[in-house]
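K.L.:
3D model of this:
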Amino acid sequence: MPSTPDILWYIGANDGEVPWDPRHRFEPSFAALREQARTLDRLGFHGALTTAREAISLVADTERLRFVVPEYPGVKPPVLLAEEAQVFDQYSGGRLIYNQVNGADPVLARYGSFHSKAERYAVSEEYWKLVRRLYLDDTDGYEGTYFGYGPRYKPAIAGPRQPGGVPVWGTGASPEGIAHAAQVLDAYLMFMSPESAMDALFTKVRKASADAGREMRFGVLASVVVRETESAAWERFEWQLSQTSPESVLATADRNLTSFGFPPLADLTSEDRQVQARIDALRAGRLPTRAELEYAPNMAAGLTTWTGAEPPFDVAGKGTGNYLVGSADQVADRILGMSENLGIDIWILSGWPLIDEAKYVADLLFPRLGVTTTPDV
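P.N.:
Numbers count the residues shown, from 1 in each chain. Alright, predicted model coming up:
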């Protein structure tokens, strides 16, 4: 049997039965976030991808859960981020992971960062090397290409320290992004795509990492609908689509496409006939059908809470919003098969409502994946 992958989930305020449609969202609250964290910790998830705004405030509600916190390199001074990481690990016992986010130009401009894409990778490489050094209590001053600071003069923040520094996870598919990943990342992530596409990219990253004398782990992000039977899983997937207004998807489609450098929907084309059918459906003002979305057995393009910022239904080939849909045996077979074939160590899964779908995953998938669970009491 393949080795057991680490299974992570999401913690987020944007939640509900169909949270990408404003009509079906839950009212956000801090109490809801705390309940998400407690539930994931109790169920035995390895960790959760969340946001920097609330992660440290959830530490006291958990005992084992690791927190994957997104950070844009350079937005905070490296000394500040290293000190924040030390405090987080002091209170959590060393459960912090950083998700290194390169970001799109409009997002970074909001934070006052205006580097070109190529320069952002150079900034990031210098930044994370400094953060690691500072987190591990280096006290010397530094003057580099993009950052500089004086020597530390105050007592160090109490430990523990994670060996080698806080793990940094992230992505990057361009040649520059792959070269950056090989120098910086401890785990390389990508959204679930057809297996051949994932294999091609992972192979490039593994070679770049080996050439740099480094090893890294590999992870996949995917949404999931798992039930006792395949028909029940597809019924849930299609019900969520039926509750989604096309207007809510189309309202941001052009903005999301162009922010990532793609043409607007009216000009977008694909050589993949199935993807082109999705594009044509959106142009006609309707949502794609299951036949247009299911691109492999138990795999389909869908919508997620980040559809408000990403191209919908994977029309741009980024993998965002791709789902595993099926019975527990089917979904477990897909995860274990891809993990073995592609060398995947980490799965960051999601489904909505977050707590309800996490319980389905823990109940139905964990035993089949070899994940040790904690009874839901």
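
K.L.:
what residue of this structure is the furthest out?
P.N.:
Ranked by distance from the centre of the chain (C-alpha atoms, centre = their mean), the top residue is Tyr153, with 36.9 Å.

K.L.:
helix, strand, or coil at that residue?
P.N.:
Classification of Tyr153 using DSSP: H, G, I helix; E, B strand; the rest coil returns coil.

K.L.:
swap in Ala37?
P.N.:
The three-state assignment at Ala37 reads helix, by three-state DSSP.

K.L.:
give me the pLDDT for it.
P.N.:
In this model, Ala37 is scored at 98, pLDDT.

K.L.:
what of the one 10 residues further on?
P.N.:
According to the predicted model, the pLDDT of Gly47 comes to 98.

K.L.:
and Ala187, by the same measure?
P.N.:
So Ala187 comes in at 98 (pLDDT).

K.L.:
centre of the chain to the helix or strand harbouring Ile355, how far?
P.N.:
Using DSSP states H and E, Ile355 sits within helix 354-360. Counting by C-alpha atoms, centre = their mean, to the nearest Å, helix 354-360 is centred 17 Å from the centre of its parent chain.

K.L.:
the residue farthest from the centre of the chain and Val123, how far apart?
P.N.:
To Val123, Tyr153 is 26 Å away according to C-beta to C-beta, to the nearest Å. Glycine gets a C-beta too; all of them are placed from N, C-alpha and C.

K.L.:
go ahead and confirm Val325 touches Ala296.
P.N.:
No. In this structure, Val325 is not within contact of Ala296 by C-beta atoms under 8 Å, at 10.6 Å.

K.L.:
so which of those two has more stuff around it?
P.N.:
Remark: of Val325 and Ala296, Val325 carries more neighbours, 27 against 12, as counted by other C-beta atoms under 10 Å.

K.L.:
strands paired with the strand or helix carrying the more buried one, and their directions?
P.N.:
Using DSSP H and E, Val325 sits in strand 322-327. Applying DSSP bridges, strand 322-327 is found paired with strand 217-227 (parallel), strand 299-301 (antiparallel).

K.L.:
any idea of the mean pLDDT in the last one?
P.N.:
Strand 299-301 shows a mean pLDDT of 98 in the predicted model.

K.L.:
rewinding a little: what residues of the strand holding Val325 count as buried?
P.N.:
Residues of strand 322-327 classed as buried by neighbour count (16 or more other C-beta atoms under 10 Å): 322-327.

K.L.:
before we move on, the earlier item: need the strands paired with strand 322-327 in a markdown table (columns: mean neighbour count and distance to Arg273).
P.N.:
As requested, the strands paired with strand 322-327 are exported to a markdown table (neighbours: other C-beta atoms under 10 Å; distance: least, C-beta to C-beta, whole Å):
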| stretch | mean neighbour count | distance to Arg273 |
| --- | --- | --- |
| strand 217-227 | 23 | 23 |
| strand 299-301 | 23 | 14 |
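
K.L.:
Thr62: which of those is closest?
P.N.:
Thr62 sits nearest to strand 217-227 of all the strands paired with strand 322-327, at 20.6 Å, using C-beta to C-beta.

K.L.:
hmm, back to that, check which helices and strands whichever helix or strand comes after the strand holding Val325 sits against.
P.N.:
Following strand 322-327 in sequence order, the next helix or strand is helix 328-342 (DSSP H and E). Helices and strands touching helix 328-342, by 3 or more C-beta pairs under 8 Å, 6 or more residues apart in numbering; DSSP states H and E, are helix 195-211, strand 217-227, strand 322-327, helix 366-369.

K.L.:
with mean pLDDT and distance to Val249 added, can I get the ones you listed in a markdown table?
P.N.:
What follows is the helices and strands packed on helix 328-342, written out as a markdown table (pLDDT from 0 to 100; distance: least, C-beta to C-beta, whole Å):
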| stretch | mean pLDDT | distance to Val249 |
| --- | --- | --- |
| helix 195-211 | 97 | 24 |
| strand 217-227 | 98 | 16 |
| strand 322-327 | 98 | 16 |
| helix 366-369 | 97 | 32 |
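
K.L.:
list of residues touching the lengthiest helix in the chain?
P.N.:
Using DSSP state H to define each element, the chain has its longest helix at helix 117-135. The contact list for helix 117-135 (C-beta atoms under 8 Å, 6 or more residues apart in numbering) reads 73-74, 78-79, 81-83, 85-86, 100, 102-103, 105, 108, 113, 115, 142, 144-147, 161, 164-166, 168, 172, 176-177, 179-180, 183-184.

K.L.:
buried residues in that helix, which are they?
P.N.:
Buried residues in helix 117-135, defined by neighbour count with 16+ other C-beta under 10 Å: 120-121, 123-135.

K.L.:
cool, and stretch 65-80?
P.N.:
By 16+ other C-beta under 10 Å, the buried positions in stretch 65-80 come out as 65-79.

K.L.:
how about the helices in the stretch 1-150 of the chain?
P.N.:
Taking DSSP state H, counting those that start in this stretch as the test, the helices found in the stretch 1-150 of the chain are 30-43, 78-92, 105-110, 117-135.
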